[in-house]
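Chemist: My questions concern the predicted model and sequence given below.
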Amino acid sequence: MEIGKAKCIVKALALLTMMTLFLISAGCGGGGGDNPTAVTRCVGNPPPQGCLYTTIQSAVNASNAGDTIIVHVGTYKENIVVDRKIEFKTAGDGDVTIQAQDAYEDVITIKMNGSSSIISGFNIFGGHHGISLNRADNCVISGNIVEHHVEHGIVLSESDHNEITNNTVSGVEEGQVVGILLDRSNNNTITMNEVPYNKLNGIALTASSGNQVIGNSISVTDGDGIGLSLSNDNRIADNSVTQSNFTGIVIGQSSRNSITGNKISDNEGLISIGIILVGVSGDESNNNLIENNQVERMRSYGIVLIYARDNEIIQNRIANTLIDGIVMDIDTLNTRITGNTITENGVGIYVYEGAVGNTAHNNNILSNSEWGVRNDATVQFDATLNYWGPEGPAGQTFGNVKVDPWLTHPVP
């Protein structure tokens with residue numbers, strides 16, 4: 001009997017152990033409460049069969065980190081706060097619009113604990129900002145239409161390593177202040193977004209570094225297409241900026257940025273500039289690369305440097321600006337201008353007093369209506385080894401410009 005009782009006790013302990021392990025793996029034990037199994041929750045208004053929630057915020061409040069929320073067709077008037085990691089999807093049965101209930105609050109706010117959230121496929125309408133990330137990292141905002149907000153479309157504040165891609169961020173005809181704003185936010189990727197109708201900037205970076213701004217289309221802005229302020233080590237590549245009333249790309253008190261492969265055209269404001277590098281004394285815009293951009297049909301200037309040092313302007317096309325193609329002004333030092341085609345401008349390259357140690361070699365400088373190069377500085381400007389057209393540089397320079405030797409064939 002004692003042996004039989006012992007066997008029963010062993011079997012009971014084994015069964016109890018198996019039940020305990022099962023409960024833990026199912027999230028019912030002490031460890032499972034901290035890491036519950038991910039759940040998919042459904043929102044509809046009115047809710048279809050199987051949906052438990054009529055508002056997105058109520059589904060957020062019921063969710064744990066890692067859950068997914070699927071939203072059915074309809075308009076939801078809410079201001080949503082995301083404070084846990086959630087993936088938001090549309091159900092695929094029609095457009096889903098999230099409209100600000102309070103026009104002075106953001107439509108969707110992702111907080112720090114909402115890091116790694118995903119928002120894709122929604123229409124975000126109204127609100128102070130459309131979508132704002134506040135110290136939220138590693139989020140993905142993709143495929144949304146964000147429009148008609150009071151101030152900015154998508155805002156990242158102290159938020160790093162996020163992906164903002166394939167969104168349409170529009171101020172509609174009355175304009176937004178900034179389409180996509182990065183404020184003290186680093187190492188983010190901003191790609192393939194459409195950003196029309198801006199009062200200030202299409203895309204703006206303030207005190208933000210290490211970001212990739214690639215392949216975006218920005219149009220119809222009263223201010224600048226892309227603006228960098230106190231922002232270093234960013235890559236601005238393959239973007240299109242059209243119909244800006246001021247500047248296509250602004251590099252303000254910012255250094256070591258790469259500005260490559262962008263197309264800037266048809267800027268028709270009273271002072272319209274393709275690309276400007278500008279600083280202040282003691283805080284210049286230095287060591288930036290301006291390469292392989294197309295700057296065409298500017299009402300004023302192609303590329304302007306003011307308080308800018310040790311920058312490279314390489315293999316760009318600067319054409320059809322009404323005043324000057326490239327301007328170097330106060331405290332612009334050691335600029336290297338190489339391999340560019342500078343054509344059909346008023347003045348090709350204009351060097352003002354205070355611009356020293358700058359050079360232009362291996363460029364095509366031709367068919368400019370006033371001068372190929374004008375130098376108003378007291379020191380000589382070195383413009384040797386350039387192609388000036390089949391007739392050479394005679395009559396194409398003003399001031400102390402060194403042109404000999406020059407090239408007899410165009411630079412490829």
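Modeler: Looks like it arrived, so ask away. Numbers count the residues shown, from 1 in each chain.
Chemist: Name the residues that touch stretch 203-212?
Modeler: If you take C-beta atoms under 8 Å, 6 or more residues apart in numbering as the criterion, stretch 203-212 is touched by 178-191, 193, 195, 213, 216, 218, 224-235, 237. No exception for glycine: its C-beta is placed from N, CA and C like everyone else's.
Chemist: next one: phi and psi at the closest residue to Arg135 other than its chain neighbours?
Modeler: Spatial nearest neighbour of Arg135, chain neighbours left out: Met112 (4.3 Å); criterion: C-beta to C-beta, 6 or more residues apart in numbering. Recorded main-chain torsions at Met112 are phi -50, psi -50, according to degrees, to the nearest 10.
Chemist: before we move on, back to that, buried only: go through the contacts of stretch 203-212 for me.
Modeler: The neighbour count (16 or more other C-beta atoms under 10 Å) marks 178-186, 188-191, 193, 195, 213, 216, 218, 224-229, 231-235, 237 as buried among the contacts of stretch 203-212.
Chemist: still on that earlier bit, my read: the residue nearest to Arg135 touches Ala136, true?
Modeler: Yes: Met112 lies in contact with Ala136 (C-beta atoms under 8 Å); the separation is 5.9 Å.
Chemist: And the two? Which one has more around it.
Modeler: Each of Met112 and Ala136 has its neighbours counted (other C-beta atoms under 10 Å); Ala136 has more, 27 against 13.
Chemist: Number of residues surrounding Gln49?
Modeler: 6.
Chemist: Does it belong to a helix, a strand or coil?
Modeler: coil (DSSP: H, G, I helix; E, B strand; the rest coil).
Chemist: where does the chain have low pLDDT?
Modeler: Scanning the chain for pLDDT under 70 picks out 1-36, 173-174.
Chemist: need the helices for it, in chain order.
Modeler: 2-25, 56-62 (DSSP state H).
Chemist: need the contact list for Asn345.
Modeler: 302, 318-325, 368-369.
Chemist: Return the backbone torsion pair for Ser300.
Modeler: Torsion angles, degrees, to the nearest 10, at Ser300: phi -120, psi -80.
Chemist: brain fart, Asp93
Modeler: According to degrees, to the nearest 10, Asp93 has phi -100, psi 20.
Chemist: Contact partners for the residue nearest to Arg135?
Modeler: Neighbouring residues of Met112 by C-beta under 8 Å, 6+ apart: 134-136.
Chemist: Please compute how far the longest strand seen in the chain lies from its chain's middle.
Modeler: In the chain, with assignment by DSSP state E, the single longest strand is strand 194-206. Its chain's C-alpha centre and that of strand 194-206 lie 9 Å apart, by C-alpha atoms, centre = their mean, to the nearest Å.
Chemist: Contacts only, for the closest residue to Lys89 other than its chain neighbours.
Modeler: Closest residue to Lys89 apart from its sequence neighbours, by C-beta to C-beta, 6+ apart: Ile70 at 5.1 Å. Going by C-beta under 8 Å, 6+ apart, Ile70 touches 40-43, 89-91.
Chemist: Restricted to strands, list those residues.
Modeler: In strands, defined here by DSSP E, the members of the contacts of Ile70 are 40-43, 89-90.
Chemist: Most neighbours out of these, which is it?
Modeler: Per-residue neighbour counts (other C-beta under 10 Å) across these peak at Val43, which has 25 neighbours.
Chemist: Return the set of residues that bridge with it.
Modeler: Residues in a beta bridge with Val43, per DSSP bridges, are Tyr53, Val71.
Chemist: Is it in contact with Thr55, as I believe?
Modeler: Yes: counting by C-beta under 8 Å, Val43 touches Thr55, with 6.9 Å between them.
Chemist: between the two, what contacts are shared?
Modeler: Shared contacts of Val43 and Thr55 (C-beta under 8 Å, 6+ apart): Tyr76.
Chemist: doesn't Ile80 make contact with Gln57?
Modeler: Yes: using C-beta under 8 Å, Gln57 is in contact with Ile80, at 5.3 Å.
Chemist: Give me the more crowded residue out of the two.
Modeler: Of the pair Gln57 and Ile80, Ile80 is the one with more neighbours under other C-beta under 10 Å, namely 23 against 16.
Chemist: ok, now which ones touch the more buried one?
Modeler: Applying C-beta under 8 Å, 6+ apart, we find Ile80 in contact with 56-57, 60, 98, 107-109.
Chemist: gap between Asn245 and Asn193?
Modeler: Distance of Asn245 to Asn193, given as C-beta to C-beta, to the nearest Å: 20 Å.
Chemist: Check Gly94 too.
Modeler: Distance, Gly94 to Asn193, by C-beta to C-beta: 23 Å.
Chemist: go on, Arg336?
Modeler: 32 Å.
Chemist: cool, and Glu296?
Modeler: Applying C-beta to C-beta to Glu296 and Asn193 gives a distance of 23 Å.
Chemist: isn't Ala355 right up against Met328?
Modeler: Yes: counting by C-beta under 8 Å, Ala355 does reach Met328; the two are 3.9 Å apart.
Chemist: ok, these two, which is more surrounded?
Modeler: Set Ala355 next to Met328 and count neighbours by other C-beta under 10 Å: Met328 wins out with 30 against 25.
Chemist: If anything else comes up later, I'll come back, but that's it for now.
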